[in-house]
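Enquirer: just coords:
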């Protein structure tokens, strides 16, 4: 599983030695990455090491944040959202410890790389592949929202694609119950600005599923064109997103371009959400399926 933590993730400076430490029934074997709030370790269940069992990722709250109530709330939200929502395109929280330090959650280790890594390596995707990936992420969002949670940081770096093309929406570090306002810490850390819906900048805004759909629209635009639809300094999106998208990638159909423009609408009420968004993505995917098979 490509390491992902709340806020910017830094590659681990070194691999930790085997038998680093044991937390409960989990033996941490390698430091994968660390961010401002959390660390990720590769881990094995103590009772499964000798059987060559599956690998897992242990995500732990850094000790310096253990007494910070806002950091604790964010970490508990991540754990609760992961336990509440079950879907093939979401990474489940398999185990957790939130009663005493060190606080941690256990996730499956997933083979693959992120869409951000693929963009950096190969540039834009075919429209068919981009829609295929976006539709899988959309299905994950529907399940997460139905469970009462928003993701809060939808972007290519949080979409892990396996060797078979299966996409998993990862990193619930900014997850909040629908309607819950941001904490001071979550505002300070903020999700990735380029993908953030305009209303998220408001202190008074409660977590709303529409913000996730906006971020998915920005992501889909980037997958198809290799560029972002607008800069971080543009709070209100410019008009003409669909036209610009087709100029950058003539293979983007009018239906696809209009869907993206609708997703990044400044008014959350104008954005397609839930099953409507998935149905529109499926329609575009069917339109482009021959292209994807050819690729």
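Expert: Arrived safely. Every value quoted in this text rests on a predicted model; they were computed, and no experiment measured them.

Enquirer: low-scoring stretches of this protein, by residue?
Expert: Filtered on pLDDT under 70, the chain yields the residue ranges 1-20, 48-53, 183-191, 202-205, 232-238, 290-295.

Enquirer: for residue 143, see how far away the residue nearest to the spatial centre of the chain is.
Expert: Residue closest to the mean C-alpha point of the chain, counted by CA atoms, centre = their mean, is residue 158 at 3.3 Å. Distance of residue 158 to residue 143, given as CB to CB, to the nearest Å: 15 Å. In short, each C-beta sits where N, CA and C put it, glycine included.

Enquirer: in its sheet, which strands sit next to the one helix or strand residue 27 maps to, and in what direction?
Expert: According to DSSP states H and E, residue 27 maps onto strand 26-34. Applying DSSP bridges to the sheet, strand 26-34 is found paired with strand 10-11 (antiparallel), strand 21-23 (antiparallel), strand 38-45 (antiparallel).

Enquirer: now do the contacts for the residue nearest to residue 107 when sequence neighbours are not counted.
Expert: Nearest residue to residue 107, sequence neighbours excluded (CB to CB, 6 or more residues apart in numbering): residue 57, at 4.7 Å. Shown in contact with residue 57 (CB atoms under 8 Å, 6 or more residues apart in numbering): 1, 3, 32, 40, 41, 42, 43, 106, 107, 108, 109.

Enquirer: same question for residue 160.
Expert: 1, 2, 91, 110, 112, 113, 114, 167, 168, 170.

Enquirer: was I right to think the third one contacts residue 110?
Expert: It stands for residue 91. Yes: using CB atoms under 8 Å, residue 91 makes contact with residue 110 at a distance of 6.8 Å.

Enquirer: the stretch 151-295 of the chain: helices as residue ranges?
Expert: Per DSSP state H, counting those that start in this stretch, the stretch 151-295 of the chain carries helices over the ranges 184-189, 209-225, 241-248, 254-263, 274-294.

Enquirer: ok, which of the ones you listed comes nearest residue 118?
Expert: Nearest to residue 118, of all the helices of the stretch 151-295 of the chain, is helix 209-225, at 8.8 Å by CB to CB.

Enquirer: if I look at the residue nearest to residue 222 when sequence neighbours are not counted, how far off is residue 278?
Expert: Leaving aside its sequence neighbours, residue 222 sits nearest to residue 228 (CB to CB, 6+ apart; 5.6 Å). Counting by CB to CB, the gap from residue 228 to residue 278 is 23 Å.

Enquirer: show me where the stretch 1-150 of the chain has its helices.
Expert: So, for the stretch 1-150 of the chain - with DSSP H, counting those that start in this stretch - the helices run 69-84, 115-122, 127-146.

Enquirer: tell me which of those sits most buried.
Expert: Comparing the helices of the stretch 1-150 of the chain by mean neighbour count (mean count of other CB atoms under 10 Å), helix 127-146 comes out on top with a mean of 23.
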